[in-house]
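Asker: Below is the sequence, then the predicted model.
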Amino acid sequence: MKTKAKDLPYLNPSLGLADVHEITPAPRKDKMVRRKVSGPASSKCPSCGTVHSRGVLEEHLYVCPECKHHLSMPSAARIATLADEGTFIELDRDLVSVDPLEFADLRSYRARLQEARRETGVREAVTSGVCKIGGQRAVLIVFDFAFLGGTMGSVVGEKIAHAFEEAIERRIPLVSVTASGGARVQEGMFSLMQMAKVAAAASRHDRQGLAFVSVLTDPTFGGVTASFASLGDILIAEPGAQIGFVGPRVIEQTTGVAPPKDSHRAERLLQAGLIDLVVKRADLCSVIAYLVGHLRKQRSADAGTEGLPQTVKRQRLPAWQKVGLARHTGRPSARYYIARMATRFLELHGDRWSADDPAIVGGLAELNGQTMIVIGHDRGGTPEEKAASHDGKAYSEGYRKSLRLMRLASKFRIPVVTLVDCPNAQANYESEHRGIAHALARNLATMANLPTPIVSVIIGEGGSGGALALGVADRVLMLENAIYSVISPEGAAAILYRDAGRAETVSEVLKLTAQDLHSLGIIDTVVPEPEGGAHLDPAASADTLKSHVLAALHAFADVPTNQLLDNRYKKYRHIGQGGKFWREKVRSGLSDVFGLLAYAVSRMEKSNRKKPQVLESTPRTRPEKSRLPAAGPRRAERD
């Protein structure tokens, strides 16, 4: 069946499409797209000024060979680099823009549409389709900045919304690559309302538990940035990409104040915690393929329980000596354990709010083929790293980052592993002003109700609320020479004795060692370390820890979510009410208790034998000043 172009809501007859096939709502089969890349024969690099031929640019993925600047990439070339060869099937190819407002400035909107279509070889600023990326099925949306600056009008919004709907129907992830100046002014409020449309479609896709990876390229501004492009589960930017709501030139012209240099660059946004990754174009396909393959509902994996090392009984070290081992400068860090245990680890950055705190490291990892979110305190190795991560004392931004990662785990039911190693959360006025208390509370509440297994490991020094904010878990493991305490020994000594020098004495009574806390029921497992401490053989320590983590996760492989959450609540609900430690204390002191009872009974019997029997049924009133209980009856006998 054929339909005239004038009868279709998004077709422009002036583009020469007199007859087109009728559009179906969700076409599942079509011809594979093998479109040649259109565009100018040569391009000048805006960074270094070098002129490159199209062939050279295609060979280098439109990255300048001289200065590595990432140039704008035609949509056909972008699709060719991301989609597996021969798998891309375009959606909504017949949708093209009309001129709803009959808009004209220096030229008419219709004339601009004709020119853009002729010069780019594409019908609209967005091309969407179904494909495979790294063997995984996905819906792909690609912007072409050469088409009217990649602006979002009614057809662009329609194609994006339909792409999300197609992904929902097929139960597959969606990947978008944006390059846009924002709203399409020539369509007025029709263009602005597309922001609501595409944001609603992205939210609906999110509610279905499907992954959305958003790639922001140079430039991405306006209504595209402020709608669906910022709603991805993972936000990736290319190096040097300019990203924001209002561009720096517009800010300067409208306010009279020029923004700081590189204020809108991807690298600055990464520092500000607003994006997850900055990835070179050559690595983009592999990163996206990894994310698409792992951001999905996880099936129960048999992590196995074999290979757990036998526990070797060693002489129990004094608590103060363990404090020294836990704080040893050579002790393996969270980053070391992650690198040693994980097959692959993709670090994700930022709290999507204000900053990326290096004191918290986290991301997507594989352990023995099992996908998990790993989050840990990072105290740094070198003096520069320690200064940058402020010795693992995270600000609220760090805990908001961990919260965002845990919510990602919640959406895809990915297990969470946390590695705890910090003296405490950052404690200064700036930290208070940023809301550290709220951040810690949110982490505690989220971990208590996270619908996926959590294993927490105290790998070094676990101090106060900053440690506990990553320590609420179904299984809490603790390395043999780690410590975990409500306060540092020095802090406790300063409070109790007003003398921090008595920390060694206080460390014993704080019960902060792994063995003490296991007896108290605070932790579940003591993980053995190499003789003398983990710093003497970090690799062996990491291998042992990995086997214990996998064994702990294995215990929850088939536990229903409701039971998991109920058990976790009970675990913390009953802490302090009893436990192995108290049972041992009662057992060890039972003979003393019976001895005291026997002594008390014997004293009572002696006292009763000395007292005369009283036959009166009504007790006499005791004199007010009498201190002797038997004074009244004895006086009666003498009378």
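Answerer: Happy to help now that I have it.
Asker: Skipping adjacent residues, who's closest to A334 in space?
Answerer: G376 (3.0 Å; C-beta to C-beta, 6 or more residues apart in numbering). In short, each C-beta sits where N, CA and C put it, glycine included.
Asker: likewise S263?
Answerer: Nearest one to S263, counting by C-beta to C-beta, 6+ apart, is P248 at 6.1 Å.
Asker: need the contact list for that neighbour.
Answerer: By C-beta atoms under 8 Å, 6 or more residues apart in numbering, the residues touching P248 are Q242, A258, P259, S263, H264.
Asker: And the furthest pair within those?
Answerer: Spanning the widest gap among the contacts of P248 are Q242 and A258, at 14.5 Å by C-beta to C-beta.
Asker: backbone phi and psi for the residue nearest to S263, please?
Answerer: The phi and psi values for P248, taken as degrees, to the nearest 10, are phi -60, psi -40.
Asker: In three-state terms, how would P530 be classified?
Answerer: For P530, the secondary-structure state derived from DSSP: H, G, I helix; E, B strand; the rest coil is coil.
Asker: before we move on, back to that, with neighbour numbers in mind, choose between Q242 and A258.
Answerer: Between Q242 and A258, counting by other C-beta atoms under 10 Å, Q242 is the more crowded of the two (19 against 12).
Asker: can I assume that one is in contact with F221?
Answerer: Yes: the criterion here is C-beta atoms under 8 Å, and Q242 meets it with F221 at 7.4 Å.
Asker: so where do the helices sit in the stretch 301-450 of the chain?
Answerer: For the stretch 301-450 of the chain, the helices defined by DSSP state H, counting those that start in this stretch occupy 319-326, 334-341, 383-388, 396-412, 429-433, 436-448.
Asker: just to revisit the earlier point, any idea how far A388 is from the residue nearest to S263?
Answerer: Using C-beta to C-beta, to the nearest Å, P248 is found at 28 Å from A388.
Asker: Same question for G182.
Answerer: 35 Å.
Asker: which of the two has more neighbours?
Answerer: G182 (26 against 13).
Asker: Now do the contacts for that one.
Answerer: Listed by C-beta under 8 Å, 6+ apart, the contact set of G182 reads T151, M152, F221, G222, G223, V224, T225.
Asker: Next, count neighbours for the first one.
Answerer: When counting by other C-beta under 10 Å, one arrives at 23 neighbours for T151.
Asker: Could you double-check that it lies in contact with R184?
Answerer: Yes: taking contacts as C-beta under 8 Å, T151 lies within contact range of R184: 3.8 Å.
Asker: Now list whatever residues contact both of the two.
Answerer: Taking C-beta under 8 Å, 6+ apart as the criterion, T151 and R184 both touch S191.
Asker: So which residues of the stretch 501-639 of the chain form strands?
Answerer: With strands called from DSSP state E, counting those that start in this stretch, the stretch 501-639 of the chain shows them at 525-527.
Asker: Could you tell me which ranges of it sit under the pLDDT cut-off?
Answerer: Confidence mapping of the stretch 501-639 of the chain against pLDDT under 70 gives the ranges 578-639.
Asker: how does it look with 90?
Answerer: Low-confidence segments of the stretch 501-639 of the chain (pLDDT under 90): 501, 557-558, 574-639.
Asker: Look up which residues are beta-bridged to V51.
Answerer: For V51, the beta-bridge partners are K44 (DSSP bridges).
Asker: And it, how close does it get to K44?
Answerer: For V51, the distance to K44 - C-beta to C-beta - is 5 Å.
Asker: I'd assumed S180 was in contact with S191.
Answerer: No: S191 is beyond contact range of S180, at 11.5 Å (criterion: C-beta under 8 Å).
Asker: which neighbours do the two share?
Answerer: With C-beta under 8 Å, 6+ apart as the test, S191 and S180 both reach T151, M152.
Asker: Which residue of V51 and K44 possesses the greater neighbour count?
Answerer: K44 (13 against 9).
Asker: State the distance from that one to T50.
Answerer: 7 Å.
Asker: S507 too?
Answerer: 64 Å.
Asker: who's more crowded, the two?
Answerer: S507 (24 against 14).
Asker: Tell me who's in contact with that one.
Answerer: Here S507 is in contact with A319, W320, V323, P489 (criterion: C-beta under 8 Å, 6+ apart).
Asker: wouldn't the third one be in contact with P489 here?
Answerer: Yes: V323 lies in contact with P489 (C-beta under 8 Å); the separation is 6.2 Å.
Asker: hmm, which helix or strand of this structure has the shakiest average pLDDT?
Answerer: Scoring the helices and strands of the chain by mean pLDDT, DSSP states H and E places strand 19-21 at the bottom, with a mean of 30.
Asker: Can you spell out which helices and strands pack onto the helix or strand containing C131?
Answerer: Secondary structure assignment for C131, by DSSP states H and E: strand 126-133. Strand 126-133 sits against helix 75-82, strand 89-91, strand 136-143, helix 154-170, helix 281-294, with contacts defined as 3 or more C-beta pairs under 8 Å, 6 or more residues apart in numbering; DSSP states H and E.
Asker: how about the strands in the stretch 201-350 of the chain?
Answerer: Going by DSSP E, counting those that start in this stretch, the stretch 201-350 of the chain shows strands at 212-220, 234-237, 277-278, 344-347.
Asker: pLDDT below threshold where in the stretch 51-200 of the chain?
Answerer: For the stretch 51-200 of the chain, the stretches with pLDDT under 90 are 98, 104-106.
Asker: make it 50
Answerer: Regions of the stretch 51-200 of the chain meeting the criterion pLDDT under 50 are absent.
Asker: Direction included, what does the stretch of helix or strand S456 belongs to pair up with?
Answerer: Taking DSSP H and E as the criterion, S456 maps to strand 454-463. Looking at strand 454-463 with DSSP bridges, its partner strands are strand 416-422 (parallel), strand 475-479 (parallel), strand 483-485 (parallel).
Asker: On the C-terminal side of the shortest one, identify the next helix or strand.
Answerer: Translated: strand 483-485. Remark: after strand 483-485, the chain's next helix or strand is helix 489-496, criterion DSSP H and E.
Asker: in that following helix, what's buried?
Answerer: Neighbour counts over helix 489-496 (16 or more other C-beta atoms under 10 Å) mark P489, E490, G491, A492, A493, A494 as buried.
Asker: so what does it touch, helix or strand wise?
Answerer: helix 503-509.
Asker: buried sites along the helix it packs on?
Answerer: So for helix 503-509, counting by 16+ other C-beta under 10 Å, buried means A503, T505, V506, S507.
Asker: possible to save the residues you listed as JSON lines with distance to G330?
Answerer: Shown next, in JSON lines, are the buried residues of helix 503-509 (distance: C-beta to C-beta, whole Å):
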{"residue": "A503", "distance to G330": "22"}
{"residue": "T505", "distance to G330": "27"}
{"residue": "V506", "distance to G330": "26"}
{"residue": "S507", "distance to G330": "21"}
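Asker: Mind pulling the model confidence for the most centrally placed residue in the chain?
Answerer: The geometric centre of the chain, computed from its C-alpha atoms, lies nearest to L405 (C-alpha atoms, centre = their mean), at 1.1 Å. At L405, the model reports a pLDDT of 97.
Asker: L348 versus that one, what's the distance?
Answerer: Counting by C-beta to C-beta, the gap from L405 to L348 is 7 Å.
Asker: who touches both of these two?
Answerer: In contact with both L405 and L348: G362, G363, using C-beta under 8 Å, 6+ apart.
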